[in-house]
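Participant: only the shape, not the letters, is given here:
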């Protein structure tokens, strides 16, 4: 709710608190990564996405977020690695990812 209202800092704090209590929730880690990226905290976002992937390795949306973060951080080789993984997990998302982050 905080994110939808533009209060990303509050949302980051709320998710951080939630993850202290329930660190086993992959979707929460992924959302945390999204919010950290929104704040320009790429390296922290990458860490959050990796934790989400450790818990749920076949979540294409988390892989997409990780790749988007690598693109924002200028890590082109890693963007390509994520694209390859997405092709195996979700061809539609892989195509979109390719157009947005691999082609440019």
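Facilitator: Structure's in. What do you need? Everything numeric here is computed off the predicted structure, so don't read it as measured data.

Participant: centre-most residue in this protein?
Facilitator: What sits nearest the mean C-alpha location of the chain, by CA atoms, centre = their mean, is residue 65, with 3.0 Å.

Participant: sec struct for that one, please.
Facilitator: When the structure is split into helix, strand and coil by DSSP: H, G, I helix; E, B strand; the rest coil, residue 65 lands in helix.

Participant: what do you get for residue 54?
Facilitator: The assignment at residue 54 comes out as helix when based on three-state DSSP.

Participant: count of neighbours near it?
Facilitator: Other residues within reach of residue 54, judged by other CB atoms under 10 Å, total 10. For every residue, glycine as well, the C-beta is placed using N, CA and C.

Participant: cool, and residue 52?
Facilitator: As a burial measure, residue 52 scores 25 neighbours (other CB under 10 Å).

Participant: what pLDDT is listed against the residue nearest to the centre of the chain?
Facilitator: At residue 65, the predicted lDDT confidence score is 98.
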